[in-house]
Each structure stands twice: as C-alpha cells, then as structure tokens.
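Asks: what shape does this take:
(chains A and B)
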Amino acid sequence: MKKYLILLVVTVSLSFAACEDMLDLSPTVTIDETIVFQSPKLMEAYLNDLYWGIPSEFSYTYQTAPEWTSRATDEVFNNGRSGYIITTGSLNEDNVNTLSAMKLYIWNSSYQYIRKINIFLNELEKAEFLIENKDRMIAEAKAIKAFIYFNLIIRFGGIPIVDEYWNLHDEITFTSNTLEECVTEIERLIAEAMPDLEEYYSGSSAGYGRICQDVLLALRSRMYLYLASPLFAELHNPTESRTDKWQRAATAAEDFFSATGNRYQLHPDYARAFNNPNGVVNNEFIFVKNYTTTSGHNVPLDNLGRRYGGYGGWWASMGPSQNLVDDYDMQSTGLPPFIWSNDDTKSVNPASGYDPQKPYEDRDPRFYATILYDGGVYRGDLHEMWVSEDATQWGSDSPLQNGDNPLGLYILRKFAPDVDQEDLLWGQSTITYCHYRLGEIYLNYAEAMFELGYEDVCREYMNKIRARAEMPDIPETVTGEELRARLYNERRIELAFEMHRYFDVRRWKIAHIIENRDIYGAQIIKNMTTGVKTYSNVLRQVRKGSWDDRYYLLPIHRDEIKRNKGSLLQTVTWR
Amino acid sequence: MKKKRDLFLPRFYYSKKLIMELKIAIFIILTSITSSFGAHAYSQLARVSLEMENKPLENVINEIEKQSEFYFIFNQTQIDVSKKVTISKDNELIDGVLQDLFKDSNVKYAIMDRKILLNTENKDGDYTIKVADIAIQQKRVTGTVSGSDGSPLPGVTVLVVGTNTGTITDADGFYSLDVQNNQSVLQFSFIGFGTKNVTVGSQNVINISLEETMLQMEEVVVIGYGTQRKETLTGSVSNVTGAEIATPNMNVASSMTGKMPGLVVSQRTGEPGNEDLTILVRGNSSFASSSANNPLIIIDGVERDNMNRLNPDDIESISVLKDATAAIYGARAANGVIIVTTKIGSVGKPKFTFISNTSFSSVTQRPNLLGSPEYARVQNEAVWYRANRPENWTTPTFTEDAIKQMEDGSNPDVYPNTDWYSEIKQPFAVQNRASLQVTGGNEGVKYLLSLGWQDQGSEFKSMNLNYNQFNLRSNVNVNLTQHISVGANISAIVSERKGPWENIGTIFTNTWADPTLVARFSTGELGPGRYQESPLLLPDRGWLKVSNLPINSTFTSTIMIPWVKGLKIDASFNYDIRNQFQKRWVIPYFFYERNPVTGELERKQGTGGEGKGAVEELTDTYNKWTTMMFNVLLSYNTIINEVHNITAMVGTEKQKNNNNMIEAWRMKFLSTLLPELNVGSEDPVNRDNAGSSEHSARDNYMGRFNYAYQKKYLAEFIFRYDGSSNFPIGKQFGFFPAASFGWRISEESFFRDALPFVDNLKFRYSVGQTGNDRIAPYQYLQLYDYAGSYVFNSSVNDGIRASTMPNPNVTWEKSLKNDIGIEASLWNSLLGFEITLFKEHRTNILTARRMSIPNTLGFTALPPENIGEAEVRGYEIALTHRNRVFNDFNYSLSANVSYSNSKIIFMDETPESVPWREQTGRPIGAQLVYKTDGTMYQRDPDGGSNTIDPTQGAYHRSHRPGDLRIVNLTAEWGGATDNTINSDDMYRFNYTSTPRAVFGLNANCEYKGFDLSIFFQGQTGAYNYDGTFVSLGASSRQNSYVARATDRWTVDNTTGKMPRSDAYQPGMTDFFMMDATFIRLKTAEFGYSIPEDIISRYGLSDIRLYFSGYNLLTWAKEIKHADPEMTGGSGNYPPQRVLNLGINVKF
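Replies: Just a heads-up that it's a prediction; the model follows:
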C-alpha cells in the first residue's frame, strides 16, 4: 500500500511541476520574420521571390495549365476558355477577376509584390550591418517595382502609387494617381536603380536573368513607345506634342543601341530562337525567365495536340486562328496575301502570288516556325488535319480524332522544342521565356521613326527583322498608311504569342476594328481517291458587335472599388 | 492486327483465397480456445504434484483443489475424509494420482470436466457411479435477463442464494451459472429494478424479466471526466450504447446517423477506407473555415481522430455533449464534444463473441449520363452557339451520318457509344468483417481482448481499390489492493489502403468523359479515353499504398483515499503514436489508338496526368504523429444528512503533440517491377527529398461541482482554464465557465399525488461559455515559407515568401450557449419524451477580413481575426415508446427531430450596394445566386438568331436566346431603372447544403427469437448546387446528365424547361439550387436467434443470424439524378447501398 501511495505522490507532483513553459513553442518549418532581415542570405532569397512579380506567358509552374493573354486576342480561336469574356464581349467589373490567371487582371498580385518590395527596401535601407551587394539588391527591387507599375498602367491607366506598407489593422483606402504621376514614379525608380545595377549579364554568368541596366533600357524603349501611341497619348500629357512623345520613344531605342553596342544580335534562325532549352545562349534575348528540369514548365506539351498528349492549349483553346495565318506574307513576293477594304472585308491580293488552294506554300518562314498546319512536319511527324468528303476518314491531328486537337486546325508550334533541343515533350521543359529581345527594340524604333516621318529608318529596321526571317525587304515604294499597315503586321507576325498583341491593338487604337472581326478556322476536305485537298476558311466565332470601347482598358473589380469606400475611382474607360 | 497489352505491374487483387485463409484462421483460433476450455481437455492434461505422508484425505483433496481447477464432489456420510493417506507424486496426470490414492479403498472416482466425483460401493454392491445423479447435483443454468420492455439488461447480479456463487449478465443480458442442485434459488437484482428470486427446479434455461422500479433512473451517462446518472443530469447530452449502433457498417459514424438528436451526420462520399462523413453537433455555428464546425472527438479520454475506424464491437457507449456543459473541455468544446468509451470486461467466466458478416455494396444511385448520339447533338449545338450562330453552318463537329452510326452501333471503333461508368463498374463490391472478442474477470482482474478484421473492395473494378483493416484491443483493469486499481487500454488499428495514385475525384471526372471516345476497341485493346486518362488504364499506371498504424494507449490508476471516504484520485497517462507510410508508384503506360486512315490500331505511350507518365516515379512518404497526455483528477463525493449530495472534481491535463514527415522521391527506375527507392536513378536531378515537422502543447485545468438536494433540486458548476501553444505568448490561457440547473418536479409529493402516472419529469437549464481554437499555430507571427525560388541562368535560387499576415491578437472563438429542456417518462415508460430548446451565440469567430481590406494594401493571405458573430437557434425532440403485447411480442419506437438554423450577425462584408446581397442575417455558408423565373430568353425576331428580344427585360451582355432569364432585382426590389444584369442582381440564398432539420425514426420488434428493426433517416431545409448538373455542352467535352439535356431549349424547342446547351449564367442561379429534402430507409435488419435449448448442446449460448441493408430506399423531393446526401457532384465516390449477411455467436 505504502509504495503505491509514494508512486502516486510522485506522479501527481510531476504532473503539476512538469513543464513551466510547455506552451512557449516556436515554429518548426517556417522562418520567423525577426530573422529574415538579420540574414543577408535570407534577404537574397526574399529578392529572388520578387522576380515572380513580373508576369510572363510562361509564369505558371510545372503542371499548371497555361493561360495565355493570346486567348483574349485574334491570335487564337478561343473555344470557350478564359479570356472568352473579352472575345464574346461580356467583360465587366464583376468578372474581370477571372482574368487573373491569364495575367490581365494582375491587380491583386501586383500590389502584393509592391508591398513586399516596400518592406524589402525599408528593411535593407535601415540595416546597419554589412550586406554584400546591398546596393544592387535595392536597385533590383526598385527595378522590379518599375516593371510592375508599367504592367499595371498599360492595363488600367492611372493606378495608386504605394510607397509605404501597412499592417493588418490600419485603416487605409487608396486613390489612383494620374497616369503622369505613375510615369514619373516609374522614371524615378528606373533612374534610382540604374547606377547600382550590373551593366549586363552574359549568357554564361550566374546572374543571367536578373535585371541589369540593359533590361531597364529595354523597358524604357517599350514604355515610351506605348506612351506615344494613340491610346496612351490621349491619357498621358495629352497636351504634349505627339512628335515629342515619339521622339522620346525613338531616343529610348537609340539609347539602348548605343549603350549595348554589339552585345545583342538577332538570332540567325527565327525558328530556333524561341525553343531553346536552358543553357543555349541566345544573344537576341535581353531579359529572360529561365527554367530547369526540376523547376520547369509544361508549355510545349500543353500547346501541342493530342498526338503528344497535349491539350491543344488546354481544351483546344490555344489553336492559332486563320486570321493570324492569313496575315503571314508570301515569301517570294514579300507581299501580304490579302488586301483589306473597309476594315472588315478582305480579298486575295493577286500580286502576292497567294493561291487559296495552296495556302501553306511560299509563306513567310515565320509561319512554319510559329504554326503547325496540315502537311506540316514536327519532330518527324507529319501532321494531318483533313477530313474525307464523306467524313468517315480524317487526319490523325484532326479534332475529329480527338476533341483536344484544335478546332481551327492550327497548333501553336513556337516554343515547342525540336528533337535535338529537348528529348521529352512531357516532363519539365526548360525552354526559356523572353520578356524583352532585340527584335522588339528594332520594331519599337521602326515604329517611332515612322511616326516621326523617317520612313526610311522604319523600313531599314523592319528589313533587319525581315532579313533574319529570309523575307524580302519592304520596298521604298511602300509609304504612308500602307507602310503603317505593313509595320503593324510585321509586329504581329514577328512578336506573335509573345504577350504583345493584346496591348498593341489597344495602344494603336485599332482594337475596335481588329477585335470586332470574326474569327475563322480552316477546313480541309480531302478527296480520298484523287488525294486532292480543298481548303476553305470556316467561321468559328462571330465577333462582330462584341467590342466595346471601354475594353481599351481593364476595369477594377467592383469589390475593390467598394472596399476603398469611394476613394478609388473606376478605370477611366469604365466610369 | 491484334496486339497483346503489356502488363507491367503486379496487380493487387485482394484475392478471395486470402479472405478464406483469414476466415479459417479466425475459426482455428476460436476452436482452439473453445477446446482448451472444453469438457475433457483439461481433465486429460492437468497434472499435480503431491508429497504427503500420513495426512488426512481431506488435506490431499484440498491440496489437489489448490493446485488445479478440480473440485471434489462427494457425500461426507459416504466418504471418510479424516482417513490418513500417504501419497507421493511429481507432476503426474490426475487420473494416475486418483488411481493411486484410492487403490486400497472402496472409493470410486469419476472425472467430469473439472469435477471429481467420489462415491462408495452402494448397498446393492453396485460400484458404478451414476453420472446422471451427479450431474443433477451440479448443473449449469443459463438465461437472459431483460427489462419489462424486453430489452436485455446488462449488469444484473445473479446470485445463488446462500452461497457466494454468482455472476453478472453481459451486454446482452445473458448469464450462465453453475448451481448445486434443483433446490438452489437464484436471486436477480439490479439497481432500479425489483429483485426476483427463482427456484431452479428442473429448468436449465431461466429467462427472467425484471420490472423497473423507476425506469432508466439509474442509467449512467458518460460526461467529460466522469459519469453521471441520467436522472440527475442537468446538461443536454445524447447517448447511445454500443449495442444500439452495432450495425454491420464499416464506419462507426455512419451507424450514428439519426440515432442521436442534435447530431447531424451526412455521408458525402462512399470511398472504401475513406468514407468522409461530416459530423456536426447542432449544425454550423462558425464560418471561420470548412473544418471550423467539427466537434471535438474524445476516445477514452483523449482527443483522437480515428473514431470512424474503431471496431464497433469494442464500443461501450457514445455520448454527445451538446450544450454549455461541454465547457469541461474548454477551448475545444464550442462545436460539441463526442465522447466514445470502449468496453471493459465484467466479472464472470470468459465470454466469447464472434461476429462475421459479408456484405455487398453498390452505389445508391448511378448517374444517368448522355449516350453518344444525344451528346453529339448537344456538342453540335454548343459549337454553333459559341460561333455566335452563323446562318450558314456547314461544319458541325458530328455529322448526321456519324450520329446515325452512333445510334445503330454499326461502327463501334469509330463511332462508339461508351458508357464510361458501366465500363469500370461491376455489379457490387464485397466487404467482409469478422471480430472475436473475449471478456471476463473476477474481483481482481477484468479484461477485454478483441481482434477485428475488415476488408473492403470497390465496385469500380479498374481502380483496384482495396481497404484492409485489423483492430486489436486489450483493455485490462487490475485491483491491486482494496483501494488501488490500475488499468491499461491499448489498441491498434493496422490498416492498408491500396488504390490508384490518381485522385479519386479525377477518376470520377474521367467517367464523365466524352461518350464518343472508345473505351475498348472491338478487338479488346484499350483506347486512350479523355486526356489519355481512361479509367480503364488505371491498373497499368501504378498505384498508391497507404499503411496506417495508430496505436493508442491509456494507462489509468485510481486510488480511493482510505482515510477520507469518498475521496479518490484518478490519473492517466496516454501515449498515442500513429505511423503512416505511403508509397506512390507512377509508371509509364500504353494504350491503342486507331489510325483514322489505315484503320489500324497503333500502340502509344500515355502522357496523361501527373509526370505525364513518361518515366517511373516513386515517392515514399513517412509520417509520424505522437500525442502524449497526462492527467490527474481529484474527486470527492459525499452525502450530508442523507439529502445533500455533493460531488466535486478538480483536475489538470497536459498534452504534447508532435508530427514529423519525411519524403523521398526518385524517377527513372530500372524496372517497373521494383518500386523501391534504391532502384531509382542515382542522378541528382532525378531524386529529391523533403521533410517537415510540427508541434503543439496544451496545459489545462478543470473542475466540476455538483449539488443535489434529495435528487430534486440539481445544480452543476463547471470551469476550465485552458492553455494552448497556438496563441501568442502571454495570451495563451482562457477561462470557460458553465452552470446548469435541474428540477425534478416528479419528485415533489404534490406532483406525484396529482399525476401519479408520471414516472419522471425534469426541467433543466444550462448556460456557459466554450471556446473554439481550430486555427493554425503561430498566427501571431509573420512567418516566411521556403517558396518562390527562381531560376537565374541554370541554377535554382531559393526564395522565401511571407505567408499569412500576422494577427498579434488572435484568440479563441467564444460560444455562449443557452439550453432549456424537459425530460419525461410516463406510464411506466410506455411513453418517454425529451424536448430541448437551444440558442448559441458565437462571437470572436475567426474569419479573414478579406471583404473589407483593399487588395491594394497588398496583403498576402489574410489571417483569421476574431471578428465574426453568429447565432444559432434550434430545438430537438425525442420520443420513445416501448411495450410488450401478446405476452412475448416486444416492440419499441423512437423518433427524433433536430432543427437548427444559423444566422450571421456580423461578418466582414464588402460594403454592399444592395441589401439583398448581404451575408449578415442569413445562414452560415449561404451563397449568392441570381434569381430566375424559369423561362428562357427568346430571340429577337428583328435582330437575328443571336440577339435577345429587348422587350423581354434586362439581360447580361453574354446572354443569348436559350439562356435562363434572370430577374432584374435592382429594378424589381430596388426600383432602379437599369436594364442590365450585373452582380447587384444576385441575392443571398437562404439555405445551404447543411440541413436545417434532420430526423430519425427507429422501430424495433422482437417475437420468439425473431427480431426486426427498421430505421428511417431524413433531412430537410437543405439545398444543393451541383455544378456537374448545370454543365451541358461545355468546351471541356464533359458529359452531362440526361435530365439536364432532356427538354433543353433549342431553336426548335423554344419552350424547353432546361436552358440551352453551353448555356451562359453570369453566376450561380437559383434555378439549379435544388431542394435536398429526402427520406431514406437507412437500415433494416431482420434477425433470428436460434433457440438456446438447441445451441446449448454445443456449448454455445447464443447464435443470431441476420440479414440487413443500409441505404436501402430513398425518396428525394427534387434531386432525382444523384444521391441527395452527396454534395460534391461527379467528383466524389458515391455513397453505397449495402446488403449484409451476418452471424453472431456467443459462448
């Protein structure tokens, strides 16, 4: 009995005395904020994450479905996927947030990164211990912020500039700054960042992919081009002369050329420029997002058809449109195959040499590099999209074989690797995404010089682009509006699927024409006895009437307006 | 050309052979145990050692009795026990010993079982021992003790009057006792019942029914940290005994459905080993998160998460604390507490219970999806609509000729009509369950040992899904001294689930694939299916194996302090450990595709799903969770002046939880037959690992004080002081008090005189505060995750990313509960009822202020803050009636209804421009929907087929003819003049998928060994929105319900009742909010107990054969296309209908 009682006393006293601070535990697998800004290594890691604030078409990580801004343009036939609200004309303040995955409605993610940057800048500036590369890190963060603001203003116009950061219980509402103030802020950030950045990173340096001075020069080229363009010229300093604006755009490009010298060159082969895996140096690229086999993406497979297990751009909704295909010039004549009249009717351009029954012959080589079509060969596989007259037989890549083959009969080939580039189509792809490249700067310059009246310089730079693609020069006889049309088309072709088309048609203020055109696909009927194919264009989506001039900018979500209790005004076109 | 499919991997069919082997093994264990206690085995094997010189025979007999289980039976007038004998034996068989002992005397002996009979030569010179005579002298009496309602009474003391021989009835009221002779008198006594004496006479079976002196009054209910008699209970507690939920279900929670008022159990899926039942006590009260309303589940005193996987035969009782008296569990109690207590043995001989059943299960309702022809028409319509209905449309996706071939099936390899669901389904799945339990004990030791086994397959054959589980339990209690007892309750669940690695939801989504895809070519080869993820290919794609081994241990000790009467100390030490090992094996697979030109089948490698199936990938994950808990309770009970009954308890409890995870991954294996990590590629890029850990602690103090005056006026006070590591340092502790009162008016003499037929009438009231601390830890700190790594050049650079914003003030949700009830029993329990009204006021609800904080602030994930406020009101009614008619026809009926409705008082809402959008004032979880009037927009005759007749009122820009017409609420309710539909035209729907009212109706009857029980369950006040029902003609090519496609709007059927294919809705509409009211015959069981006089010959005491069914019939008010209890649409494993055959054997 006694021994049991002793046992009891011991256990009871143990239980009360056991552990004074048993509740004071600390987290195990996460990092407490107090140490983040004590450790230069962790600050580096913090900075690395900030780079995700810059949107790209590839930005989605492995195994997430791609959502390309191309889906909201005439580059593709969008068969009911996101972006459909734009192409069907039902975008509004309630559903605009569904465009976040396709990097159009980037409001929330952008301001999250801006807050992160503000914290980072504040903490770094007040840190009193030695941080290696401190100035460079601050400069990179500021540059990323400049990119984020730029991406916001080209979507929404004037937006709130946020320099501070707040905590949970602070009651703050926001007001949009004017577009002028936003541009000034971007210019300030660029100017502050510039001196502390590396001049550039070569393709073999460990920092390749970081922001350097060259990248900011490229950003300025694009920004001043946008600001001089009709849409933004009306919104930003509307009283300033257009010539001055275009001059600023031209100067920005020239600054880039003079600062970089021969550092950047057009890649000799357009077809091979966009599907290189990590490790292949491409001197045309100014600012890239790289991937590795453990931190890769699945863009090639997701854009390809069912033959490779792809989904044709996720539910076959990234198939290039006939509209885009028709805009590739003929290689022999260098002329566009179609002529537009009254902005909405097109007819074959007899001088071009285009034969509607041989639509894939003698086209701009960039067509073959960008689009997989009936008769095209990829990785040694002949692609066939035809259907027999009685519809009992069809090509293996026809949507009749599988609903994941694009209905329009075109598959996106750009960014898909050749056999010698990447061995597997599935698994993690390391093909590099390019934010800024020399080709774009050439076209930015060509456009600015065109608007300034230097049509010869415009043609010269267009021809540099065309020469790389093995296309004939734009002859000197092409001038004025004709040259403008050719210039716009050159940009459409050269920069297809590089996140430009959505913004270009808006800044040029031609979206009410372009985005109001019906979307076509191809139809190829094969006579099984003669083997003769008959080609025709098929209406895939009626878009007439779907455009609304409010669409020139995106609205801010209705809830965000409400949350700011009246202080934040809706985007100017949506008021 | 016919090619043979490659089969790469061993298939894990749970073979019929193994099932047989297991059943045989259990029978062998069973029979060996039986035989060891059998009649002859002992006498043949027992050995004794004797060393006696010139001792009286009596001493020798005593010594043999001491050494063995034998006892001697003889007539002292015949046998002279004082006679001196000498004997020397060393470990010899009893037979030889006795032979020697009596070799020189006239004593004859006979060994019967453990009895040794001694006799002498009788007067007739007949030396034969009359076995029959002796057998009469010592005989076994068995029987069942029941209450007057026929229900078995466990725990009844059965005594042979004038002796110390006695036993106690088991859970089924069964007893078995040896008596000396026919003149023996048995006394049956049980607290609350009248004592009965019965002379044995010639009977072998004596069934007795005891009359209640006061019905149910001594029923004991488990509450937190103790028990209480039901009569003096002042809290609102529902409880069931293990027997009441002993249905052949594989899942304990599903047996609880509808049995306890106030408990809402909904079966949302039926996946073997993973049946996800949502359990709510009195509905939803919090809107913090989807799991924020989960009740606390306590198993044998510790928060444990494997209730569903317990062996139902091990459960003694389940109690549900519904009101403020749950405050004894403090910060975890706001959602109610479910307390499960497992069985302990009772004093008596070893009693064996063997249960075996086999059941057949299949879906309650299979989805009726479109066949190819109609599907093709729907898709053609959708594509034409998406092209904005051009007038000249020459390119339908499916030609008329193709549709014709789908209809007549003339070309199945090109134009198939695939029913994916049928392709993967077999008629039923087989489930087996067996359990063997032994209980018993004496004054010193009580024990329960049990072994259970179950095996569940899937009717979806290509999933190769199998769940296998062993339950082991050993519960032993030892009285060390008169004052000290110790116990150990150790249980383990060994389970293994094998199945596809593919998410079950994805597999079901893939059964919604396009029916125009080939599942299996006419030559037998498998086609690719949707996304090359045909569910038929699953067996070729690898597997996922999850082994779980939770071991729960509870060591208890109780010390009655000898020098203070009524004072005792209970202490327990609990250590739970759960190991989980998971192996995920993804391998390349192949299928066949028809070349549309040559017609040949071509073999292709699949690229569907994760890792695209390119190479072998193996992921091993090991998880370990541990919980260590230690508690000490000091309790005191005294009665002063025979009227003041006082009970008091104080205690403390400390708990530590730990979790460790480690994971390793490799790809590119030498062979698909070797799923072991070390066989994978050594290349660093082909391998990876991960790990994590977590810990938390609790430090709690609690107490309870009860006072009863003459069992008439009752009062209880509870407190709990809870500390949790989840909260900021300095703010870790919270205080939770509760009080409850009762008045048993039926004990008042004036009442008794006026209404003598009322056995019991009690009023009770409780009020108190409880907490809800279901939040992630460390929310008061700004933490950074290792995420956001970014590639520069060719190396991955680590990133860190701020996770949820910190909330330095985070604390508990608080729940103020009020509960008033009346309990009554009338006419000797012919009728009983219990009515409870309750109100709960939940404050400090943890919800993120995502609605009012501008995103422009740039906060990452917002933390929950204690800002929400909600109210729940409801009632519960339970009725019982039991009776016996025609002498031996016993029946009972019980019905219960629970109603609860929640209302949000405050939550952080975006300032709404119109009042009908507001969440405040509406039920928790209520969604925003557009109002429809059930008609469709029609085309504008002047504006073409694609535009809406503008005279039809407001519409959204995307609306097209054939879409549901939306009511313009801003105009209708707000008087605005706008003519467009936008989100201000949405209103907050007043119902959710959580039912407001649930009810159960239970009927049992028994007649001469036959028994029948029927149980109906139902719900109302719930609405389901099934996205898979809404979708028709989607570009994703998902199939649709026939009910959705029938009578849809088309240009030729403009009066259709359903919207068009590819219909546009600006958001959810109330048109598809479907009333989920249903009544279902949840269980029906018919059993027959073989009369005891037949089975007792075989040493058995009870055999019951039964046939039962689960989810047998369903009547649904509106949802006819799917099981109305399921809310997850097509992505869930459907609930099962189960038919079951079983046998229970006791001996």
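
Asks: which ones are touching the residue of the stretch 201-350 of chain B found nearest chain A?
Replies: Closest residue of the stretch 201-350 of chain B to chain A, CB to the nearest CB: B:Ala331 (12.2 Å). C-beta here means a position set from N, CA and C on the backbone, and glycine is covered the same way. The contact partners of B:Ala331, by CB atoms under 8 Å, 6 or more residues apart in numbering or on different chains, come to B:720, B:722, B:724, B:734, B:736, B:770-773, B:812.

Asks: the closest residue to A:Ile513 other than its chain neighbours and chain B: what is the separation?
Replies: Excluding the flanking residues, the one nearest A:Ile513 by CB to CB, 6 or more residues apart in numbering or on different chains is A:Asp343, at 4.7 Å. To chain B, A:Asp343 is 19 Å away according to CB to the nearest CB, to the nearest Å.

Asks: any idea whether the residue nearest to the spatial centre of chain B is helix, strand or coil?
Replies: Nearest to the geometric centre of chain B sits B:Ala253, at 2.3 Å (CA atoms, centre = their mean). Here B:Ala253 is recorded as helix under DSSP: H, G, I helix; E, B strand; the rest coil.

Asks: can you pull the contacts of it?
Replies: Each residue near B:Ala253 by CB under 8 Å, 6+ apart is listed here: B:265, B:275, B:277, B:279, B:307-308.

Asks: same thing but at 10 Å, please
Replies: B:Ala253 makes contact with B:245, B:263, B:265-267, B:275-279, B:297, B:307-310, B:318, B:338, according to CB atoms under 10 Å, 6 or more residues apart in numbering or on different chains.

Asks: picking up where we left off before, surely the residue nearest to A:Ile513 touches A:Glu515?
Replies: No: between A:Asp343 and A:Glu515 no contact is recorded; they are 11.8 Å apart, counting by CB atoms under 10 Å.

Asks: quick check on these two: which one has the bigger neighbour count.
Replies: More crowded of A:Asp343 and A:Glu515, by other CB atoms under 10 Å in any protein chain shown: A:Glu515, with 21 against 12.

Asks: give me the spatial nearest neighbour of the more buried one, chain neighbours excluded.
Replies: Leaving out its chain neighbours, the residue that sits closest to A:Glu515 by CB to CB, 6+ apart is A:Trp547, at 4.8 Å.

Asks: cool, and A:Val478?
Replies: Spatial nearest neighbour of A:Val478, excluding adjacent residues (CB to CB, 6+ apart): A:Arg486 at 5.8 Å.

Asks: report the buried residues of the helix or strand where the one you found lies.
Replies: Take DSSP states H and E as the rule and A:Arg486 turns out to sit in helix A:480-494. By neighbour count with 16 or more other CB atoms under 10 Å in any protein chain shown, helix A:480-494 contains the buried residues A:483-484, A:486-488, A:490-494.

Asks: buried ones in whatever helix or strand B:Gly96 lives in, by neighbour count?
Replies: Following DSSP H and E, one finds B:Gly96 within helix B:94-101. By 16+ other CB under 10 Å, the buried positions in helix B:94-101 come out as B:94, B:97-98, B:101.

Asks: what's the burial count for the closest residue to B:Asn595 other than its chain neighbours?
Replies: Using CB to CB, 6+ apart and skipping residues adjacent in sequence, the residue nearest B:Asn595 is B:Glu602, 5.5 Å away. By other CB under 10 Å, 14 other residues sit near B:Glu602.

Asks: now swap in B:Lys604 and tell me
Replies: That count, for B:Lys604 with other CB under 10 Å as the rule, works out to 16.

Asks: mind checking the SS state of it?
Replies: strand.

Asks: picking up where we left off before, quick check: the gap between the residue nearest to the centre of chain B and B:Gln267.
Replies: In this view, B:Ala253 and B:Gln267 are 8 Å apart by CB to CB, to the nearest Å.

Asks: dump the residue contacts of the closest residue to chain B within the stretch 451-575 of chain A.
Replies: Sorted by distance to chain B under CB to the nearest CB, the residues of the stretch 451-575 of chain A start with A:Val542, at 3.2 Å. Going by CB under 10 Å, 6+ apart, A:Val542 touches A:88, A:517-519, B:386-390, B:944, B:946.

Asks: B:Leu1105: which of those is nearest?
Replies: Distances from B:Leu1105 to the contacts of A:Val542, taken as CB to CB, are shortest for B:Arg386 (61.0 Å).

Asks: number of nearby residues for the closest one?
Replies: Neighbour tally, B:Arg386, other CB under 10 Å: 23.

Asks: now it: closest residue in space that isn't a chain neighbour?
Replies: A:Gly80 (5.7 Å).

Asks: check B:Asn645 too.
Replies: B:Ala708 is the one closest to B:Asn645 (CB to CB, 6+ apart), at 4.2 Å.

Asks: also B:Arg939?
Replies: Of all residues not flanking B:Arg939 in the chain, B:Pro961 sits nearest, at 4.0 Å (CB to CB, 6+ apart).

Asks: my read: B:Gly680 touches B:Ile587, true?
Replies: No: with contact defined as CB under 10 Å, B:Gly680 does not reach B:Ile587; the gap is 11.9 Å.

Asks: overlap in contacts of those two?
Replies: By CB under 10 Å, 6+ apart, the residues touching both B:Gly680 and B:Ile587 are B:615-618, B:669.

Asks: what residues does the stretch 351-500 of chain B have near chain A?
Replies: B:379, B:382-383, B:385-402, B:405, B:411, B:414-415, B:480-484, B:486 (CB under 10 Å from any CB of the partner chain).

Asks: filter these down to just the ones in strands.
Replies: B:484, B:486 (DSSP state E).

Asks: which among the residues of the stretch 351-500 of chain B next to chain A count as buried?
Replies: B:379, B:382-383, B:385-390, B:395-399, B:402, B:405, B:414-415, B:484, B:486.

Asks: list the contacts for the closest residue to the residue of the stretch 451-575 of chain A closest to chain B other than its chain neighbours?
Replies: The shortest distance from A:Val542 to any non-neighbouring residue, by CB to CB, 6+ apart, is to B:Asn388 (3.2 Å). The contact partners of B:Asn388, by CB under 10 Å, 6+ apart, come to A:88-89, A:518-519, A:539-546, B:944-947, B:960.

Asks: right, I'll leave it there.
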